[in-house]
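Chemist: Build me a model from this:
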Amino acid sequence: MSSLLVTGIGELTTWDEERPVRSGAALVADGGRVVWSGDAADAPAADEVLDVDGGAVVPGFVDSHAHLVFAGERSAEFEARAAGVPYAAGGIRSTVAATRAASDADLEAGLLRLLAEMRAQGTTTVEVKSGYGLTVADEERSLRLARRHTAETTFLGAHVVPAGGEVAAYVELVAGDMLTACAPHARWVDVFCEDGAFGADEARTVLRAGQAAGLLARVHANQLGPGPGVQVACEVGAAAADHCTFLTDADVDALAGAGIVAGLLPGVEFSTRQPYPDARRLLDAGVTVALATDCNPGSSYTSSMPFCVAVAVREMGLTPREALWSATAGGAASLRRDDVGHLRPGAWADFAVLDAPSAVHLAYRPGVPLVRRTVRSSG
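Modeler: Prediction:
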């Protein structure tokens, strides 16, 4: 792989400790990895040159929470919420039925369509969950298809109990035969710990079984109301607790003390009209925050990380720079990755070129397609 000089940069965000953002900069990559950044006048030569003509360059977005393997859509449910019907997790089962009926080819085509949408909007790393099959065969194929396109795959057999099922028997299946079939295709294990899904004891059972099978843990926590999800995440040593909409002071303290990333998903609150998470409260307590889309057909059908950045600034108390960090380096922390989410030497040369002079425009110009080009070097 040849070396590449990226020059003509209006503003470069690398998240370097001394100068995380600089103007009039250049970047050099070799073998797909960043090897140098600094003032454009000091840039070394390279085999190829990419002149971005004054555009801002930011690390590729790291979307650490997405549900992309599914069939069907739920626009009628969204329309009902717009008319005042409250959100409930039960709508997941309608997607389960459509997903089970779909062919592998149709599921993969849908996955690729959403991945292409994400790439066009600057996302270079994405986590993809199962959770819309809820049988051994359907969960296994969801993860097998996802693994063809991302290394960040998550076994979410414990999404909800399938229609007609019984909680204890289903948890035994998830932690047993389903896990055995799915673990070879997954890096993570997840559980929806919430009223209407799984309680604390069931969540612990699934997460500990996944960890025993070599998977890392993450948790859907405290989305629909106060609950035990964050505490369970801390107890099992999860990498992330995602949603974190309804938190007690004890929850915030636990996240900070355990070093667990709080994944905030503003597309959900936009769609469901629930309160937005208080990102400022979390940051002030020393909690690492990640932003992600939670792209799914029910509660957050957006593939746009720039949209999530803009909403986080407007509704969640983040500055534009904090929101960008959370959508890049924060997402990488959620996935326990140190090779993406920044553009310091050694990182993959994954970046987005904006049709704007600075990254502030991501929030300043919401809804405008500002990503001019996405470069992804990571596998």
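Chemist: Kindly list the longest helix within the protein.
Modeler: For the chain, the helix with the greatest residue count under DSSP state H is helix 104-120.
Chemist: Any regions of this protein where pLDDT drops low?
Modeler: 88-90 (pLDDT under 70).
Chemist: Now tell me what touches the longest helix of the chain from outside.
Modeler: 61, 63, 66, 68-71, 99, 126, 128, 141-142, 145-146, 148-150, 293, 295, 303-305, 371, 374, 376 (Cβ atoms under 8 Å, 6 or more residues apart in numbering). Bear in mind the C-beta positions are built from the backbone N, C-alpha and C, glycine included.
Chemist: distance between whichever helix or strand comes after that helix and the chain's centre?
Modeler: Moving toward the C-terminus from helix 104-120, the next helix or strand (DSSP states H and E) is strand 123-126. Offset of strand 123-126 from its chain centre (Cα atoms, centre = their mean, to the nearest Å): 8 Å.
Chemist: what number of residues lie near Pro59?
Modeler: 32 (other Cβ atoms under 10 Å).
Chemist: Pairing partners for it in the sheet, please.
Modeler: Pro59 has these beta-bridge partners by DSSP bridges: Phe351.
Chemist: how far away is Cys308 from Ala292?
Modeler: Remark: distance between Cys308 and Ala292 (Cβ to Cβ, to the nearest Å) = 7 Å.
Chemist: Of these two, which one has the most company?
Modeler: More crowded of Cys308 and Ala292, by other Cβ under 10 Å: Ala292, with 31 against 28.
Chemist: For Ser299, see how far away that one is.
Modeler: From Ala292 across to Ser299, the span is 13 Å (Cβ to Cβ).
Chemist: again, but for Ala158
Modeler: Relative to Ser299, Ala158 is positioned 17 Å away (Cβ to Cβ).
Chemist: Does anything pack onto the strand or helix carrying Val189? Which helices or strands?
Modeler: Assigned by DSSP H and E, Val189 belongs to strand 188-193. The contact analysis (3 or more Cβ pairs under 8 Å, 6 or more residues apart in numbering; DSSP states H and E) places strand 188-193 against strand 153-158, helix 200-212, strand 216-221.
Chemist: Dump the ones you listed into JSON lines; add mean neighbour count as well.
Modeler: Shown next, in JSON lines, are these (neighbours: other Cβ atoms under 10 Å):
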{"stretch": "strand 153-158", "mean neighbour count": "29"}
{"stretch": "helix 200-212", "mean neighbour count": "20"}
{"stretch": "strand 216-221", "mean neighbour count": "28"}
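Chemist: Compare those and report which one is nearest to Gly263.
Modeler: strand 216-221 (7.9 Å; Cβ to Cβ).
Chemist: Contacts only, for the residue most central in space within the chain.
Modeler: Taking Cα atoms, centre = their mean, the centroid of the chain lies closest to Ser64, which sits 2.1 Å from it. By Cβ under 8 Å, 6+ apart, the residues touching Ser64 are 127, 152, 240, 242, 261, 263, 290, 292, 330-332, 334-335.
Chemist: for those residues, which one is nearest Leu318?
Modeler: Using Cβ to Cβ, Gly330 comes nearest to Leu318 of the contacts of Ser64, at 10.3 Å.
Chemist: ok but the closest one is inside a strand, no?
Modeler: No. Read with DSSP: H, G, I helix; E, B strand; the rest coil, Gly330 is helix and lies in no strand.
Chemist: The residue nearest to it when sequence neighbours are not counted: which element?
Modeler: The shortest distance from Gly330 to any non-neighbouring residue, by Cβ to Cβ, 6 or more residues apart in numbering, is to Ala290 (3.8 Å). Mapping Ala290 onto the secondary structure by DSSP H and E places it in strand 289-291.
Chemist: Just the CA atoms of stretch 272-288, as CSV, please.
Modeler: C-alpha atoms of stretch 272-288 as CSV (Å, rounded to 0.1, in the frame of the first residue of the first chain):
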residue,chain,number,x,y,z
THR,A,272,-39.6,8.1,20.6
ARG,A,273,-40.0,11.6,22.2
GLN,A,274,-38.5,10.4,25.5
PRO,A,275,-36.2,12.8,27.5
TYR,A,276,-32.7,13.1,26.1
PRO,A,277,-29.9,11.7,28.3
ASP,A,278,-27.9,14.3,30.2
ALA,A,279,-24.5,14.1,28.7
ARG,A,280,-23.2,17.1,30.7
ARG,A,281,-24.0,15.3,34.0
LEU,A,282,-22.0,12.3,32.9
LEU,A,283,-19.0,14.2,31.6
ASP,A,284,-18.9,16.3,34.8
ALA,A,285,-18.8,13.1,36.8
GLY,A,286,-15.9,11.8,34.8
VAL,A,287,-17.8,9.3,32.7
THR,A,288,-16.6,8.6,29.2
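Chemist: Check the offset of that stretch from the chain's centre.
Modeler: That offset, for stretch 272-288, works out to 16 Å (Cα atoms, centre = their mean).
Chemist: coming back round to it: direction included, what does the strand holding Ala290 pair up with?
Modeler: Note on strand 289-291: by DSSP bridges, its sheet partners are strand 261-264 (parallel).
Chemist: And the next helix or strand after the partner strand, how far out from the chain middle?
Modeler: Next helix or strand after strand 261-264 toward the C-terminus (DSSP H and E): helix 266-272. For helix 266-272, the separation from the chain centroid amounts to 14 Å (computed by Cα atoms, centre = their mean).
Chemist: helices or strands up against helix 266-272?
Modeler: With contacts taken as 3+ Cβ pairs under 8 Å, 6+ apart, helix 266-272 sits against helix 75-82, helix 305-315.
Chemist: what do you get if the cut-off is 6 Å, keeping everything else the same?
Modeler: When contacts are defined as 3 or more Cβ pairs under 6 Å, 6 or more residues apart in numbering; DSSP states H and E, helix 266-272 packs onto helix 305-315.
Chemist: What about the closest residue to Arg93 other than its chain neighbours, how many residues nearby?
Modeler: Nearest non-adjacent residue to Arg93, counting by Cβ to Cβ, 6+ apart: Ala163, 5.3 Å away. Using other Cβ under 10 Å, Ala163 has 11 other residues around it.
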